[in-house]
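K.L.:
next input, structure requested:
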Amino acid sequence: MLPPLLLDIAAALIGAGILISVINNRMGSVSIGLGSVTVGVVLLSNVPQGWEMVAIGFFGIAVLAGLWMISVGLKRTKGECS
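P.N.:
Numbering: from 1, shown residues only. Below is the predicted model of the structure:
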């Protein structure tokens, strides 16, 4: 079981991502994605016995959506200078 303090860190990442997205959409998306992945992983680590499949369905989607947001934020667009 992961410590619940990580949920506070995830909330901070999501909140910072919303603020950052005003300045830089890509970095905001990465920050929100990191927060989403953190929430999903922490909640998946603290599932009551017998609810594993339901938790994978709900919290697994949060992890996948977070990973997708990170990949969108880090993807280079065509014609962008490095």
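K.L.:
centre-most residue in the protein?
P.N.:
The centroid of the chain falls nearest to S36 when counting by Cα atoms, centre = their mean (2.2 Å).
K.L.:
which residues in this protein form helices?
P.N.:
With DSSP state H, the ranges of helices along the chain come out as 5-23, 25-44, 52-74.
K.L.:
my guess is W68 contacts S36. True?
P.N.:
No: using Cβ atoms under 8 Å as the test, W68 is too far from S36 to be in contact (9.2 Å). Yep, even glycine has a C-beta here, placed from its N, CA and C like the rest.
K.L.:
and the end-to-end length of stretch 40-59?
P.N.:
This stretch, stretch 40-59, spans 5 Å end to end (Cα to Cα, to the nearest Å).
K.L.:
contacts for that stretch?
P.N.:
M1, L2, P4, L6, L7, A10, V39, G60, I61, A62, V63, G66 (Cβ atoms under 8 Å, 6 or more residues apart in numbering).
K.L.:
if any of those are buried, give me the ChimeraX selection for them.
P.N.:
Applying 16 or more other Cβ atoms under 10 Å to the contacts of stretch 40-59 leaves a buried subset, and the ChimeraX line that selects it is:
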select :7,10,39,62,63,66
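K.L.:
check the burial of D8 by counting its neighbours.
P.N.:
Neighbour count for D8, taken as other Cβ atoms under 10 Å: 10.
K.L.:
and it, how close does it get to F59?
P.N.:
D8 is 17 Å from F59, where distance means Cβ to Cβ, to the nearest Å.
K.L.:
try L44
P.N.:
5 Å.
K.L.:
please apply the same query to R26.
P.N.:
25 Å.
K.L.:
repeat that for L43.
P.N.:
For L43, the distance to F59 - Cβ to Cβ - is 5 Å.
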